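Chemist: Predicted structure and sequence below. I'll ask about it afterward.
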Amino acid sequence: MFPTPIERTKPSTQILYKVALPLSIIIWLLPLLAVALTSIRSGVDINSGNYWGVPTSINFIENYTAVFTDSPLGYYILNSFKITIPTVLGALVLSSLTGFALGVYRFKLNLIVFFIFVTGNAKWKGLKLLLIKFNFN
């Protein structure tokens, strides 16, 4: 069976797994922690470059009140829904149709077509990230 269950691997592999998994989770969650900390900092803290240190003052209520009252956040959220909902529904419909066709109809290149769909999806996400990075809007 692939992948081999961690209980059946060598002890050194199990130790590496038990060390690498929590470490990778912490590294993966660091940006989320940075965003959460930045959202409660004062403007003085942010401008002074105190990104990872303990906030000198916690402005939780003031910062979130300012976001909801001083910006057109409702308009932005509605705009996001207008784009996201049709995109997700379209992707679900097309993926369901493709999955059904590849699951029911057997033909010679069935697995190759499946891998083309899977890698094509991953490739587009990478291309979108590049477009955002280089600002080709």
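Modeler: Nice, thanks for sending it over. Numbers count the residues shown, from 1 in each chain.
Chemist: Spit out the contact partners of Phe60.
Modeler: Ser39, Ile40 (Cβ atoms under 8 Å, 6 or more residues apart in numbering). From N, CA and C alone the C-beta is placed, and that goes for glycine too.
Chemist: Regarding this protein, what is its longest helix?
Modeler: helix 73-104 (DSSP state H).
Chemist: Just say helix, strand or coil for Gly53.
Modeler: Here Gly53 is recorded as coil under DSSP: H, G, I helix; E, B strand; the rest coil.
Chemist: if I look at it, how far off is Leu37?
Modeler: When distance is defined by Cβ to Cβ, to the nearest Å, Gly53 is 9 Å away from Leu37.
Chemist: quick one, which of these two is more surrounded?
Modeler: Between Gly53 and Leu37, counting by other Cβ atoms under 10 Å, Leu37 is the more crowded of the two (17 against 11).
Chemist: Relative to the whole chain's centre, how far out is the longest helix of the chain?
Modeler: On the basis of Cα atoms, centre = their mean, to the nearest Å, helix 73-104 is displaced by 16 Å from the centre of the chain it belongs to.
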